[in-house]
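**Student:** Predicted model and sequence follow; I will ask about them next.
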Amino acid sequence: MNVRLALTALATIGVVAGHWLAFDFAPVEAQMGVVQKIFYFHVPSAMACYAGFIACCIGSLAYLWTRKGRWDALALAGAELGLIFGLIVLITGPLWARPAWGVWWKWEPRLTSMALLVLMFSAYWVLHTFGGSGEGVRRFAAALAVFATPNIYFVHVAVEKWKGMHPEIQNKGSGGLSPDMRTAFVVCMVVLLLLFGLLLEQRYRMHLQSRLVAALRRRIHRIGGDA
Amino acid sequence: MNARSRRLCVALVASLLSVPALAWAQNPETVTQFVGSSDLDAMKYRHLWLAYGVIWLLIMAFVARTARRQSELKKDLDLLSSRVDDMEKNRE
Amino acid sequence: MAGEAFESVETQRVGRLYDESYALVDVSVTFRARTVTALLGPNGAGKSTLMGMLSTALRPSEGKVLYGGYEYPENDPTLRARIGYLGHRPMLYSELSATENLAFFARLHGVGPEAVAHWLGRVGLTRAADRPVSGFSRGMAQRLALARALLSSPSLLLLDEPFTGLDPEGVRLTKSLVAERRDAGAIVVLVTHDLAVTDDLATAAVVLRGGRLAYAGPSGGDLAGLYRDHAEAREKRAS
Amino acid sequence: MNFWPTVALVWSKDIRVELRSKDTLVTLVLFALVLTMVFTFGFASDPQTNLRVFPSVMWACVLFCGTLGVGRTFAREARDGAFTALVLSPAHRGAILTAKTLVNLVLTLIVTALTTPILAVMLRVDLTDVLGLVAGQLFLGAAGFALVGTPLAVMAVNARFAEVLLPMVVFPLVAPILIAGVTGTAAILGTIPENDPRPWFQLMLGFDLVYLVGGQFLFDKMVTE
């Protein structure tokens, strides 16, 4: 409890510090100007998104093997957070691309693979949320998550090779950071991953609780039906 | 536990309110340099604001939803467990 | 193919969770060779769940099932080869004829083709052998399903409501086939609501109520009495 | 019973059931014909443009027909619970999956073999010189479909509104096949600057292998309740 409180406080301070570092401390990038500052939270969001989907895959595999509900709850929480951060990436990406590249969207490897990834785990989420609460659906969803994970690699390879059709791609942003930029970037990364961890844990416990509530409901129904 | 998510929410709001101030304070000389600059520069700022707005709006909406759902669950859980206790007692 | 018979099949504190609620809790019971055990209980008592676990279709969430004193690894085909299971549904391909259905399952079980004609004869379907199953009546499909379950001469025969849809002749036939399998050394577990029909067949009984074990022991030739005493006990107390 | 005899047995049983009821094949073929009609009606234009849209149109047909077929093979199996009997028999479960995958592959290939020539004729694209390459690509692509779709279709029979769910789930998963297929065919036809189709073949092959192994590895866990 106290650890969580401390971490929450740390994340709060971190968010403020991260913004200060990103906006004020780190210098304005020479070529792209201020818009490059999107990148301080855009890239960590992508990392959080991957972390969420990996959590989903691990949870799903463990669920298929052990059939313990808590693994399924972890997988669902991971998928949800992955989707939230993936959405952030997909929205901020074009906002950066428009001034930097002059277009909102390019069929560029990273963009395409991220979009498809979000699509796959959206299918997982839809299945899990609207497919009913039966065990069969959970197994189906878990299998889907496991099947989607190697696909991340294939989508990436496919669009990487595809790049031949788009020779004008600039891969700005990842390399050549000045030390101040790097500091700001690392802090933002740590802060966002911390936030991700906190949210994941919260979401995970929420799903466990909702299962508990459903189980209690059934139990009451059962006692009521018998008596 | 719900109180904690509310705390997280409030903390996020507070910290985000400080962001405009921070951004405003950044490199004043650069800003004066841009006076009368082209449309593209103005656009860059707009995009920056939009991007950060989206990030924090999404995260906060998510936290708020989670908090609401959790408080509902807490209520349900208390209600249901007391009902189960009652029923078990009646049966004995 | 069936190998030597199991001396016993034993569940040790098995439980099964469905969506975080228990369908079966802490059931320990032993089924013995050369015995027909009637599995009784009201709807939703966990009978089919227990049958499913014995058939290896369902994994126990807790506890384990020992076959002949031995805990088989999960999904062991040699174990599945020794179990015959008749469920609620006929589990047949309606586009195929009776012969084709049996021939298919016979080959899956590694049983010779002569068994197909033999079992079709035993369940009285020789004349309908080449008609597609989609044209069968409920009773005929039930007979064919029984033939499918008996095809591999299983050491453990699980019958979930085998008498539904059967005419008196079919009931008599089913009973004699079950008795025959029992005398051959098999363990037979039988779920039914036709208690009077099984009185002379079942020598042991297991009663489930609300997912828990209510009674396990000899049937004493009065299943209806056992059911009244154990499955309906709570209703009596409540009233 | 060994692996391959079981595969052959289950496969021939399925094909026999398919031939006897015909509904899956007939709907698939009809659907494919309508699809080719709509596409040619919508896209047919000058020869240059036709050549450029041909790969996309061809693979779109494979996508729609493949997904439709995958969903139906298990629906029949599950209807009377026969699948339970199949799974509870001592047959190797990997063999069951293999047989089912092969059934789906054959169905998809039949439909593809029908739609591709029709599309080629209607869009006036000359495939005679590159027939082998395109056929190889279609085979690998259809195999990828079957390998991803079949194990998921097994699970979909238990879910509510399975008919809608399955395409929704399978479409994003086969995206690499579509990308590799469309670009690879374009490379073969020479409508894009890079006209080496080999990397795309490799990609499809890798995809097929991973899902072949993954399916065999997971199938046991997926069918056990």
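**Tutor:** That came in fine, so what should we check first?
**Student:** pretty sure D:Thr98 is in contact with D:Pro5, am I right?
**Tutor:** No. Between D:Thr98 and D:Pro5 there is no contact under C-beta atoms under 8 Å: 11.7 Å. Quick note: C-beta positions are derived from backbone N, CA and C, even for glycine.
**Student:** Of the two, give the one with the bigger neighbour count.
**Tutor:** Legend: neighbour count by other C-beta atoms under 10 Å in any protein chain shown for D:Thr98 and D:Pro5, higher for D:Thr98 (23 against 15).
**Student:** which residues touch the more buried one?
**Tutor:** For D:Thr98, the contact set (C-beta atoms under 8 Å, 6 or more residues apart in numbering or on different chains) comprises D:3, D:7, D:216.
**Student:** Could I get the pLDDT score of the residue sitting furthest away from the middle of chain D?
**Tutor:** Distance from the C-alpha centroid of chain D peaks at D:Asp46, with 30.2 Å (C-alpha atoms, centre = their mean). Per-residue pLDDT puts D:Asp46 at 83.
**Student:** Quick check: phi and psi at it.
**Tutor:** The phi/psi pair for D:Asp46 (degrees, to the nearest 10) reads phi -70, psi 160.
**Student:** Which residue would be the closest one in chain A to chain D?
**Tutor:** Residue of chain A nearest chain D, by C-beta to the nearest C-beta: A:Gly136 (3.2 Å).
**Student:** my guess is that residue contacts D:Met155, does it?
**Tutor:** Yes. A:Gly136 lies in contact with D:Met155 (C-beta under 8 Å); the separation is 6.8 Å.
**Student:** of these two, who's got more company?
**Tutor:** D:Met155 (25 against 17).
**Student:** residue contacts, the more buried one?
**Tutor:** By C-beta under 8 Å, 6+ apart, the residues touching D:Met155 are A:136, A:139-140, A:143, D:222.
**Student:** what's the overlap in contacts for A:Gly136 and D:Met155?
**Tutor:** By C-beta under 8 Å, 6+ apart, no residue touches both A:Gly136 and D:Met155.
**Student:** and chain D, which residues reach chain C?
**Tutor:** D:1, D:6, D:9, D:13, D:16-17, D:20-21, D:76, D:79-82, D:84-93, D:220, D:224-225 (C-beta under 8 Å from any C-beta of the partner chain).
**Student:** let's go with 7 Å and repeat that
**Tutor:** For chain D, the residues in contact with chain C (C-beta under 7 Å from any C-beta of the partner chain) are D:1, D:9, D:13, D:17, D:20-21, D:80-82, D:84-85, D:88-92, D:220, D:224-225.
**Student:** how far out from the middle of the chain is stretch D:180-195?
**Tutor:** Distance, stretch centre to chain centre, for stretch D:180-195: 21 Å (C-alpha atoms, centre = their mean, to the nearest Å).
**Student:** Ignore what I typed, I meant stretch A:77-95.
**Tutor:** In terms of C-alpha atoms, centre = their mean, the centre of stretch A:77-95 is found 6 Å from the chain centre.
**Student:** ok, now stretch C:24-41?
**Tutor:** For stretch C:24-41 - counting by C-alpha atoms, centre = their mean - the centre lies 11 Å from the chain centre.
**Student:** tell me the mean pLDDT over that stretch?
**Tutor:** Mean predicted lDDT for stretch C:24-41 stands at 90.
**Student:** Start and end of it, how far apart?
**Tutor:** Stretch C:24-41 has its terminal residues 12 Å apart, counting by C-alpha to C-alpha, to the nearest Å.
**Student:** Report the buried residues of it.
**Tutor:** C:24-25, C:27, C:29-31, C:33, C:35-41 (16 or more other C-beta atoms under 10 Å in any protein chain shown).
**Student:** Pick the one among the residues you listed closest to C:Leu177.
**Tutor:** Closest approach to C:Leu177 among the buried residues of stretch C:24-41 (C-beta to C-beta): C:Val36, at 11.6 Å.
**Student:** where along the chain do the helices fall?
**Tutor:** I'll assume chain A. With DSSP state H as the criterion, chain A has helices at A:2-20, A:39-66, A:69-101, A:109-130, A:135-162, A:179-226.
**Student:** Chain D was what I was after
**Tutor:** Counting by DSSP H, the helices of chain D are D:3-21, D:23-43, D:47-79, D:82-88, D:93-122, D:131-156, D:162-173, D:175-189, D:198-223.
**Student:** closest to C:Ala224 out of these?
**Tutor:** For C:Ala224, the closest of the helices of chain D is helix D:82-88, at 31.0 Å, according to C-beta to C-beta.
**Student:** Identify the residues contacting the closest one?
**Tutor:** Helix D:82-88 has contacts (C-beta atoms under 7 Å, 6 or more residues apart in numbering or on different chains) with C:55-57, C:80, C:85, C:87, C:91-93, C:105, C:148, D:77, D:93, D:96, D:223.
**Student:** If we use 6 Å, what do you get?
**Tutor:** With contacts defined as C-beta atoms under 6 Å, 6 or more residues apart in numbering or on different chains, helix D:82-88 is touched by C:57, C:80, C:85, C:91-93, D:77, D:223.
**Student:** So which of the residues you listed are in strands?
**Tutor:** If you go by DSSP state E, the contacts of helix D:82-88 have C:Tyr85 in strands.
**Student:** can you list the contacts of helix D:82-88 in CSV and add pLDDT?
**Tutor:** Output for the contacts of helix D:82-88, formatted as CSV (pLDDT from 0 to 100):
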residue, pLDDT
C:Ala57, 86
C:Arg80, 90
C:Tyr85, 93
C:Met91, 89
C:Leu92, 90
C:Tyr93, 90
D:Glu77, 79
D:Val223, 81
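**Student:** Between the contacts of helix D:82-88, which sits nearest C:Ser176?
**Tutor:** The nearest member of the contacts of helix D:82-88 to C:Ser176, counting by C-beta to C-beta, is C:Tyr85 at 19.9 Å.
**Student:** show me where pLDDT drops low in chain A?
**Tutor:** Flagging of chain A using pLDDT under 70 yields the residue ranges A:1, A:26, A:28-35, A:107-109, A:132-133, A:162-177, A:222-227.
**Student:** So which bits of it are right by chain B?
**Tutor:** By C-beta under 6 Å from any C-beta of the partner chain, the residues of chain A that approach chain B are A:8, A:12, A:15-16, A:19-20, A:23-24, A:33-35, A:37-38, A:41, A:84, A:88, A:91-92, A:95, A:99, A:202, A:206, A:209-210, A:213, A:216, A:220, A:223.
**Student:** Now restrict those to buried residues only.
**Tutor:** By 16+ other C-beta under 10 Å, the residues of chain A next to chain B give A:8, A:12, A:15-16, A:19-20, A:23, A:33-35, A:37-38, A:41, A:84, A:88, A:91-92, A:95, A:99, A:202, A:206, A:209-210, A:213, A:216, A:220, A:223 as buried.
**Student:** Please give the element, helix or strand, for the residue of chain B found nearest chain D.
**Tutor:** Here chain B gets closest to chain D at one residue, B:Leu58, 21.8 Å apart by C-beta to the nearest C-beta. Secondary structure from DSSP states H and E places B:Leu58 in helix B:39-91.
**Student:** Report the inter-axis angle for that helix versus helix A:2-20.
**Tutor:** Computed by axes from the mean of the first three to the mean of the last three C-alpha atoms, to 10 degrees, the angle separating helix B:39-91 from helix A:2-20 equals 170 degrees.
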